[in-house]
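[1] Based on what follows, work out the 3D shape:
(chains A and B)
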Amino acid sequence: MSSRRRQTVAVIFGGRSVEHDVSIVTGHQIMDAFPAEGYEILPVYISRDGRWFTGDALAELDKFKDENILRQDSVKACLLSPDTRHHGLIIDPLAGRFSKSDMKRIDVAFPALHGSHGEDGSIQGLFELADIPYVGCATLGSALTNDKIMTKTVLRQAGIPVLDEHWLSRETWLEQPDACIDEILRRFELPLFIKPATLGSSIGIGRADTEALLRASIDIAANFDRRILIEPALTDGIEINCSVIGFSGRFEASTLEQPLSWDEFLSYEDKYLRGGEGMKSAERLAPAPISAELTERIKAASIAAFKIMDGRGIARIDYLVRPERDELYLNEINTMPGSLAFYLWREDGYSAADLVQKLVQLAIDAHAEKRRNLYDYQTNLVDLASQRGSKGSKAGK
Amino acid sequence: MSEILQALLAAVWLVGAGLRIVRQARFYQIEEYMNGRYLRWVASGRERWLPARSISAWMLGMVIGALLAEAPGSSLPAIVALLAAIVAVSPPRQSEVKKSLAVTPRMKRLLLSAWAICAMMYAAALGAGGALLPVEISLVPVFVISALGCALFLLAPLWLVAGNLLAQPLESALRRRYLKQAAAVLGKINPKVIGITGSYGKTTTKNFLRDILNVRFRAYATPKSFNTLMGVSLAINRDLADDLRAEYFICEMGAYVEGEIDRICQLTPPDMAIVTEVGPQHLERFGSLENVKRAKYELVKNLPADGVAVLNWDNPYIREMADEGYPESILTVSRDLTAEAARAQGVNWIASEIHETLEGLSFTVTRLETGERAQIMTGILGQHNVTNLLLCIAAAHREGIALRDIAMRIRRLKPAESRLVQERTAAGITIINDAYSANPKGIVSALKVLGMHETGARLLITPGMIELGERQDEENHKLGLLAAEQATDIILIGKAQTQAIARAIQSTSFDLTRLRVVETLGESIDWYQENLKAGDTVLFLNDLPDTY
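    The predicted model follows:
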């Protein structure tokens, strides 16, 4: 039972991230997936330089070809207020003498942001401050899964198999590149994968078969992130993806898929835009042709991994699998997968519309769960402290 | 010289009338600016429309003035009249003020127009008086000024009413604008609206429901007892204009006349309606319980076809509402019926195993359709609150909150302001404040709570119940009988209106030396502070407006 007559869902896309453009596509896929009945969809676009806008024109993907989209009359500057009473957007916040700023209530925020500032816990922190229900992981889950080094550290601790890794900071790399290379080559044999610690969508990722390529790839990765992850490239592995959806003890894992373009590394455009519908029309096999036993292990590992990360909402979890050796390695967890992994859930009978509505409901449930906490516990601590004078009083905790 | 004195004389009367208007405005406000009610109140006490001191000072001044008027041109009569006027208009000492005048913008406008009318009437009357009467007799101007001034002073209530009528067009324009603004604010938030009405239990149920819904949602409830159209729109404009959080708007809707709830519903169309009780509250205004029921039913009638009505099945008048069969979804609750009887009558939620101690209430709530049940425990006192809680449970459960969550939050509920609030003073005396319960149901609960205190004297302080129309004596009689049973000491406030209670107490074996009748609340407080000791308990039952 919903508390309101109609849910206003703010779909937030774009963002200050290298995955800005992907996010625009994901945002529009999400907006299009909502049924017209029962929802008011509010497009909220964050420009590359971090300005916020809203307006009907932003709901049409075509309009984004127009460079002047942000100058249209229907498009207004806005910001998401951290003041809980506003519970949404302040439209035209710097309105002057001849215009008036306005407030727009939001029931649920649906970030369709990938990577930096969107998938890493930053915007989730804003939602928490604003006390608005939002789709996807909370700050902790977002921050953990967004960082591949932390992901592996935590998963290893939880007994979920991951490949060994080496990581270095940009400062170390820039100051002592040779020492870094020596240490990497002492630990691992080529070929290696070089990845920025916190980016998705294959951006900044390189594969090195030679030392020269290794140096080049680390340089490239260092352009995108402060911390760089290096791990062995399994030549005989296949990639398997699994999506997980749920919250607080109630999780479901999707059908598994095997993307086929593995041998030649997926290029950026391949991964998102081939055929115009993202991953769906990329060459892939679903369900993935692996044993039922391995399938179950991957599903179980996916749910366990999402849980330990305090995940909620949706994630696509990518594995490297050696079917003949019965080995699997969790590679990364995307908490805002491109196209929301629609294509995976279709195999399980969930339409895109089902999925976005389920995610909105999960957001509301998660927020409701938080409401069980009382935040307005009254104490007379301030009175006591001021009576005793503010300096060094031990009023207790 | 004489002109100056005359002008001074006129000024004293005018200022006096102006002050009297301000004094009267407080009562006018208590009577909610209703001319009829206010004038009836004025007419019902001689001292209210004909203050003895004013009238005798004026007459004395006139007589003495006439006696001294032998020498033509003497200013003595004018001086005497002036002194008499000052005595006549100087405001009397006020009896206990529980609710002082709230100088709202509306009140300011009203006072201004009342003063303006008052001054114009005086000027016009003096002009007419001067023209009609022979001026050659020296006493005449002083006499005319005094007589008209005294009349002006005495008629202050009329100027107030006339001022209100004069300000009416402006007031209603402002009111319309205010309502429009409130509707716009609410439209922006678009919350689900839950309307609560009933003769009593509204505020308590509203606050309980708000706190329970907050376990999952964000619910806003109209503050205190704001339950008129203007009160509700004030709450919206004041609290929600820049606060868009609410998912639920819980609106207490009071009815003092038929059609009032209809009007509130136009501003806040309800999705759910809760009717707590239909009882003799304000019976004087409504005439009959049938009319009360009709007024409350307006809330249910205003539901959309897919709305939900949550009704107290234990009240026969509300049962009739359920029998109307609108809307399709009706949830009924009962604390009186057994499970079998309730099931037979199609009741949805019942309370059983109700226990009350000084620590609070406990009972088992059962949803009869499914057999779902939960143990409810709360620090809230008063058995009538079981009904209020049942209504909240049915409503919150309907909105998707699990029974477990509801039970968890009920443990933390607090009573609404001045409704069976228990406190202990520094002197160790327990004070039960039930000043806002002026209804037969609440009074039974409160007296039972008093009766549970067994550590010392149990003092009841009450002015009885009012506005119950023809039922008033009967209900106050019952109050007296129960009070004699539960209390060890009783103080009745106001001899006149507590006669029925006193008679009832006298008909029992209650020790009449422990029954006192005083005239003000202050006296009763003085008495208990002097005579009670640690371990004793005081119940303040009902508190009357200053118009009583």
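
[2] check contacts around residue 366.
    Since you didn't name a chain, this refers to chain A. A:133, A:138, A:247, A:248, A:312 (C-beta atoms under 8 Å, 6 or more residues apart in numbering or on different chains). In short, each C-beta sits where N, CA and C put it, glycine included.

[3] that's the other chain; I wanted chain B
    Per C-beta under 8 Å, 6+ apart, neighbours of residue B:366: B:339, B:349, B:350, B:351, B:352, B:372, B:373.

[4] Quickly list what residue A:111 is bridged to.
    Counting by DSSP bridges, residue A:111 is bridged to residue A:12.

[5] In three-state terms, how would the residue of the stretch 301-450 of chain B found nearest chain A be classified?
    As assessed by C-beta to the nearest C-beta, chain A sits closest to residue B:400 within the stretch 301-450 of chain B, at 3.8 Å. Secondary structure, DSSP: H, G, I helix; E, B strand; the rest coil: residue B:400 is coil.

[6] what number of residues lie near it?
    Residues near residue B:400, counting by other C-beta atoms under 10 Å in any protein chain shown, number 14.

[7] Now a ChimeraX select for only the buried ones of the contacts of residue A:366.
    In ChimeraX, this line selects whichever of the contacts of residue A:366 come out buried by 16 or more other C-beta atoms under 10 Å in any protein chain shown:
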select /A:133,138,247,312
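
[8] Need the worst-confidence member of the contacts of residue A:366.
    Among the contacts of residue A:366, residue A:248 has the lowest pLDDT, at 82.

[9] can you tell me which residues contact that residue?
    A:312, A:365, A:366, A:369.

[10] from the contacts of residue B:366, which would you call buried?
    B:349, B:350, B:351.

[11] so where does residue A:79 fall, helix or strand?
    Using DSSP states H and E, residue A:79 maps to strand A:76-80.

[12] For that strand, name the packing helices and strands.
    strand A:52-54, strand A:88-91, helix A:122-130 (3 or more C-beta pairs under 8 Å, 6 or more residues apart in numbering or on different chains; DSSP states H and E).

[13] can you do 6 Å?
    Under the contact criterion of 3 or more C-beta pairs under 6 Å, 6 or more residues apart in numbering or on different chains; DSSP states H and E, strand A:76-80 touches strand A:52-54, strand A:88-91.

[14] Give me the helices and strands touching the shortest one, please.
    Strand A:52-54 is packed against strand A:39-46, strand A:76-80, with contacts defined by 3+ C-beta pairs under 6 Å, 6+ apart.

[15] ok so, going back, now intersect the contacts of residue A:366 with the strands, please.
    residue A:247 (DSSP state E).

[16] Looking at the contacts of residue A:366, spot the one nearest chain B.
    For those, the nearest to chain B is residue A:133 (10.2 Å; C-beta to the nearest C-beta).

[17] ok, the residue nearest to that closest one when sequence neighbours are not counted to residue B:242 distance?
    Excluding the flanking residues, the one nearest residue A:133 by C-beta to C-beta, 6 or more residues apart in numbering or on different chains is residue A:367, at 3.6 Å. Residue A:367 sits 22 Å away from residue B:242, going by C-beta to C-beta, to the nearest Å.

[18] now do residue B:41
    39 Å.

[19] If you count surrounding residues, which of these two has more?
    The neighbour count for residue B:41 versus residue B:242, taken as other C-beta under 10 Å, is higher for residue B:41 (20 against 10).

[20] Can you name the next helix or strand after the helix or strand containing that one?
    Using DSSP H and E, residue B:41 falls within helix B:35-43. Counting by DSSP H and E, the element after helix B:35-43 in chain order, helix or strand, is helix B:46-49.

[21] Could you pull out the buried residues of that next one?
    residue B:49.

[22] Need the contact partners of it.
    Applying C-beta atoms under 6 Å, 6 or more residues apart in numbering or on different chains, the contact partners of helix B:46-49 are residue B:42.

[23] Let me see the mean pLDDT of the next helix-or-strand element following it.
    Next along the chain after helix B:46-49, taking DSSP H and E as the criterion, comes helix B:52-67. What helix B:52-67 shows for mean pLDDT is 87.
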